[in-house]
Every structure is written in C-alpha cells, then in structure tokens.
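I would like to see how this sequence folds:
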Amino acid sequence: MSTRGASKPPQAGDVLDFDMEGVWREMEKLVKENLVRDIGVCNFTITKLNKLLGFAELIPSVCQMEMHPGWRNDQMLELCKKNGIHVTAYSPLGSQEGGKDLIHDQTVDRIAKKLNKTPGQVLVKWGLQRGTSVIPKSLNPDRIKENIKVFDWVIPEQDLQALSSISDQKRVMDGEDIFVNKTQGPFRSVADLWDHED
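Okay, the predicted model is just below:
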C-alpha cells in the first residue's frame with residue numbers, strides 16, 4: 001500500500017472482509033461503558049442491515065446513506081423506519097461529477113420555480129419531508145445559508161410525488177474506486193459491494 005493513502009482502485013490486501021459482528025460488539029461496548037450515546041451504520045444494504053439486526057443487542061440509532069430523488073433508496077428507508085432507525089441522507093443534491101446533477105433536473109427546476117425556491121432548497125426539503133435528516137455539501141457561504149431556509153414551507157403532495165417519481169435511479173457514490181478490486185479481495189464488482197441489490 002502507498003504511504004500516501006489507499007490506492008484507487010485498491011490493491012490486493014487493501015480491502016479485507018468485514019467482521020461485522022465483532023465490530024458491532026465492540027461498538028455496543030462503547031455505549032454500555034457510556035463512552036458514546038449512540039452508534040450507527042453507513043452505506044449498508046438491506047442484506048447487511050438484516051444480518052446486523054439478527055445479532056445486535058443494540059439497534060443502530062442511525063443509518064447514513066446516499067439518498068436524493070435520483071436515488072430514493074426506498075426499500076432501505078422503509079426497513080430503517082420499520083426498525084426505528086433514523087436515516088441521514090448524504091449527497092441530497094446529487095452530483096455533477098457522479099452523473100446525477102439534480103440541481104439542473106427539469107422536474108426539480110420546475111418545482112423550484114413554482115415554489116419560488118432554489119433547486120437546492122427543494123432537494124433538501126424533499127429529504128426532510130421523507131423523515132430523514134440531510135447533509136448537503138457546499139463550500140459556498142451563500143448556498144449554505146440558502147440550504148438552511150427550508151423549515152417554514154412545505155412541498156405540496158403532488159410535487160413531492162413528482163420528485164419521488166424521477167426515473168433512471170442511480171447511485172452517485174458507488175464505491176468502485178475505493179472498494180472494488182476486480183481480481184482480488186471481497187468485492188470484485190460494484191454489484192458485490194452492494195449485495196446485488198441495485
């Protein structure tokens with residue numbers, strides 16, 4: 001492995017099998033010893049979350065995952081809700097680099113103009129109205145201020161449904177360059193990484 005960090009794509013041995021139960025047991029100890037209040041997971045699939053729920057003494061408090069109208073992740077959201085796990089949505093605006101630029105999506109733009117809001121505000125509000133917290137990324141101070149102005153209005157139901165009906169569902173952050181080594185390691189493809197659920 002490089003001394004400057006992990007290789008992209010990973011080299012043989014960079015990514016190892018995950019001892020989910022062992023790691024979770026250690027995290028549960030942190031709660032029991034009052035070192036942390038809550039523990040959670042990130043980028044879990046339905047398969048991984050069901051496996052965890054099968055042995056966990058403490059249910060995760062939160063599951064952080066990519067979620068936006070271009071990748072609704074509906075089944076995972078429902079599984080979390082059913083089990084009392086809060087969802088935090090990252091990349092709520094999509095990504096220009098990832099090929100899912102929702103800021104310039106026609107449906108988002110139409111609804112933003114109708115409501116006299118920015119596309120970013122509409123996308124953040126969509127996540128909030130689904131019951132998730134959202135963590136939009138921005139380095140622009142004006143956009144950061146804009147993105148917080150989402151608590152004194154609602155997206156009408158028909159517009160919420162239109163946003164929730166955007167076709168061509170696709171992850172922006174598929175993890176390929178970080179976790180997939182096509183010849184060695186536990187993940188030989190993006191499908192392996194996401195338990196063939198996409």
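
what are the ranges of the strands in the chain?
For the chain, the strands defined by DSSP state E cover 40-42, 62-66, 86-90, 94-95, 100-101, 133-135.

report all helices and strands that the second one contacts.
Read that as strand 62-66. Strand 62-66 sits against strand 40-42, helix 74-82, strand 86-90, with contacts defined as 3 or more CB pairs under 8 Å, 6 or more residues apart in numbering; DSSP states H and E. From N, CA and C alone the C-beta is placed, and that goes for glycine too.

the third one now?
Under the contact criterion of 3+ CB pairs under 8 Å, 6+ apart, the helices and strands touching strand 86-90 comprise strand 62-66, helix 74-82, strand 133-135.

the strands of the chain: which one's closest to residue 164?
strand 86-90 (13.3 Å; CB to CB).

which residues touch that closest one?
Residues outside strand 86-90 that contact it (CB atoms under 8 Å, 6 or more residues apart in numbering): 61-68, 76-77, 80-81, 127, 131-135, 137, 173.

among the helices and strands packed on strand 62-66, which comes closest to residue 151?
Of all the helices and strands packed on strand 62-66, strand 86-90 comes closest under CB to CB, at 16.2 Å.

list the buried residues in that closest one.
Neighbour counts over strand 86-90 (16 or more other CB atoms under 10 Å) mark 86, 87, 88, 89, 90 as buried.

and it, how far out from the chain middle?
With CA atoms, centre = their mean, to the nearest Å as the basis, strand 86-90 stands 6 Å off its chain's centre.

which parts of the protein are helices?
In the chain, the helices defined using DSSP state H lie at 20-32, 46-55, 74-82, 106-115, 119-129, 141-148, 157-163, 176-179, 190-193.

quick one: the fifth one to helix 106-115, angle?
Same thing as helix 119-129. 90 degrees (axes from the mean of the first three to the mean of the last three CA atoms, to 10 degrees).

show me what counts as buried in helix 119-129.
Across helix 119-129, burial judged by 16+ other CB under 10 Å covers 119, 120, 121, 122, 123, 124, 125, 126, 127, 128.

contacts for that helix?
By CB under 8 Å, 6+ apart, helix 119-129 touches 67-69, 89, 92-94, 102-105, 108-109, 111-112, 115, 117, 133-134, 136, 138, 143, 146-147, 149-150, 153-155, 160, 163-164.

run through the chain and note the low-pLDDT ranges.
The model of the chain has pLDDT under 70 over residues 1-6, 10, 14-16, 96-99, 174-181, 186-196.

the contacts of strand 86-90, buried ones only, as a PyMOL selection?
In PyMOL, a selection of the buried entries from these looks like this (16+ other CB under 10 Å):
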select buried, resi 62+63+64+65+66+67+68+76+77+80+127+132+134+173
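
any idea how far residue 145 lies from residue 39?
32 Å (CB to CB, to the nearest Å).

which of these two has more residues huddled nearby?
residue 39 (18 against 10; other CB atoms under 10 Å).

list the contacts of that one.
Contacts of residue 39 by CB under 8 Å, 6+ apart are 24, 27, 28, 30, 31, 58, 60, 61.

residue 108 too?
Counted by CB under 8 Å, 6+ apart, residue 108 has contacts 69, 102, 119, 122, 123, 163.
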